[in-house]
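Peer 1: Return a 3D structure for these sequence lines:
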Amino acid sequence: MAEPPVPNAAPRALDPASVQAILRRLARQPQPPWLHGEVARRMAERLPVIRKQPRTVIEWSGFLGASGGVLDAAYPQAARIVVEADAGLRERSALERKSPWWSARRWRGGPAVLVPAEVQPASGELLWANMVLQGEPDPTAAMAHWHRALAAEGFLMLSTLGPGSLPELRTLYRAHGWGPPMAEFVDMHDLGDMLVHAGFADPVMDQEMVTLTWASAQAALDELRLLGGNAHPVRQRGLRTPRWHGRLLQALQSRADPQGRIALQFEIVYGHAFRPVPKPRVQAQTSVSLDSMREMVRSGRPREP
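Peer 2: Predicted structure coming up:
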């Protein structure tokens, strides 16, 4: 069987130092982004496609993913492993995921939520990655990590921002010669190809456009700052001046609707796929790792989606 083609999309152009600085800043926020919580709720509506009940759910980016509530409601008896890319976020998730004595999970006798420094291979049957990939410099490498973390026949559910996000801001920056306002996002078709290349099977991708409005330009910028930051490698270096900030507010406010509200669009991309049972290549001489053989023996039954 031939190897799946390497996706055309190269690792994204992101400044790693900026990504880490953004993650540290977001870890200090009192709450995760509102939009992330709303996307988690919408992604949870797609969970009925998974008939098998997972014993362990891997929650990738727990604090910023804002998904604890929907996962508790969907799988109250499942253990959960929260994975964080940043030490500050790992500390936040550890505090957020401690069940108080009055919580529903504690009363139902649900398993504890673990926040380890790293996740072991084949740790869970469902990997949930809500609004994660937009901060990944190399999405294919991240998907390969997810593939290792899932057990055979495990299921992946993901969401991320698509390239149709914030066209209003891109147009405004381009018109004023201010450089890129954000890094580029990956198209959902390329994401599907990346999933196949990482070893996943039967990826299904779809998207929707979400429009948010604010009462003022400043409120819109405050919300955007809670969603992340500009990690484009050729962005404006150094701090912008108060004068520039005033020009940005004025330019953004000029795009207000007749009611004076600022509207910005976000493309939300959803995807799901499963990790198939490994199959050895048939050659004159074939070698199979002991771990792969164990997975094939344990999974010697028809696949249930």
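Peer 1: And for stretch 115-126, what's in contact with it?
Peer 2: 50, 52, 54-58, 62, 75, 78, 81-84, 90, 93-94, 97, 148-157, 291, 295 (Cβ atoms under 8 Å, 6 or more residues apart in numbering). Quick note: C-beta positions are derived from backbone N, CA and C, even for glycine.
Peer 1: In ChimeraX, select just the buried ones from these.
Peer 2: Applied in ChimeraX, the following selects the buried portion of the contacts of stretch 115-126 according to 16 or more other Cβ atoms under 10 Å:
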select :50,54,56,57,58,62,75,78,81,82,83,84,90,93,94,97,149,150,151,152,153,154,155,156,157,295
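Peer 1: From the contacts of stretch 115-126, which land in strands?
Peer 2: Counted as lying in strands by DSSP state E, out of the contacts of stretch 115-126, are 56-58, 81-83, 150-157.
Peer 1: so which of those comes closest to Met131?
Peer 2: Within the ones in strands among the contacts of stretch 115-126, proximity to Met131 (Cβ to Cβ) peaks at Met157, which comes in at 11.9 Å.
Peer 1: Just give the closest residue to the closest one, not the sequence neighbours.
Peer 2: His272 (4.9 Å; Cβ to Cβ, 6 or more residues apart in numbering).
Peer 1: hey, what's the one you found bridged with?
Peer 2: When bridges are called by DSSP bridges, His272 pairs up with Met157, Val204.
Peer 1: For it, give me the pLDDT.
Peer 2: With respect to pLDDT, His272 scores 97.
Peer 1: what's it in contact with, if anything?
Peer 2: 46, 49, 155-158, 203-204.
Peer 1: Gly154 now?
Peer 2: 54, 122, 124-127, 274-275.
Peer 1: cutoff 10 Å now
Peer 2: Taking Cβ atoms under 10 Å, 6 or more residues apart in numbering as the criterion, Gly154 is in contact with 50, 52, 54, 56, 58, 122-127, 146-147, 200, 273-276.
Peer 1: what do you get for Gly164?
Peer 2: 185, 187-188, 207, 209, 265-269 are the contacts of Gly164 under Cβ under 10 Å, 6+ apart.
Peer 1: Compare those and tell me which is most surrounded.
Peer 2: Val269 (27 neighbours; other Cβ atoms under 10 Å).
Peer 1: tell me what the one helix or strand Gly37 maps to is packed against?
Peer 2: Using DSSP states H and E, Gly37 sits within helix 34-44. Counting by 3 or more Cβ pairs under 10 Å, 6 or more residues apart in numbering; DSSP states H and E, the packing neighbours recorded for helix 34-44 are helix 62-65, helix 68-74, strand 124-130, strand 150-161, strand 201-214, helix 217-227, strand 262-274.
Peer 1: Could you dump these into a markdown table and include distance to Arg170?
Peer 2: Shown next, in a markdown table, are the helices and strands packed on helix 34-44 (distance: least, Cβ to Cβ, whole Å):
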| stretch | distance to Arg170 |
| --- | --- |
| helix 62-65 | 23 |
| helix 68-74 | 31 |
| strand 124-130 | 24 |
| strand 150-161 | 13 |
| strand 201-214 | 15 |
| helix 217-227 | 13 |
| strand 262-274 | 11 |
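Peer 1: Could you point out which of those sits nearest Pro167?
Peer 2: Nearest to Pro167, of those and by Cβ to Cβ, is strand 262-274 at 6.3 Å.
Peer 1: where's the closest one relative to the chain centroid, distance-wise?
Peer 2: The chain centre lies 10 Å from the centre of strand 262-274; the measure is Cα atoms, centre = their mean, to the nearest Å.
Peer 1: Restricting to C-alpha, output that strand in PDB.
Peer 2: Only the C-alpha atoms of strand 262-274 are listed here, as PDB (Å, rounded to 0.1, in the frame of the first residue of the first chain):
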ATOM      1  CA  ILE A 262     -18.700  46.500  15.000                       C
ATOM      2  CA  ALA A 263     -19.200  43.200  13.300                       C
ATOM      3  CA  LEU A 264     -16.400  40.600  12.600                       C
ATOM      4  CA  GLN A 265     -16.600  37.200  11.000                       C
ATOM      5  CA  PHE A 266     -15.000  34.000  12.100                       C
ATOM      6  CA  GLU A 267     -14.700  30.800  10.100                       C
ATOM      7  CA  ILE A 268     -15.000  27.800  12.400                       C
ATOM      8  CA  VAL A 269     -13.700  24.600  11.000                       C
ATOM      9  CA  TYR A 270     -14.700  21.200  12.500                       C
ATOM     10  CA  GLY A 271     -13.300  17.800  11.800                       C
ATOM     11  CA  HIS A 272     -13.400  14.300  13.000                       C
ATOM     12  CA  ALA A 273     -11.500  11.100  12.100                       C
ATOM     13  CA  PHE A 274     -10.600   7.800  13.700                       C
END
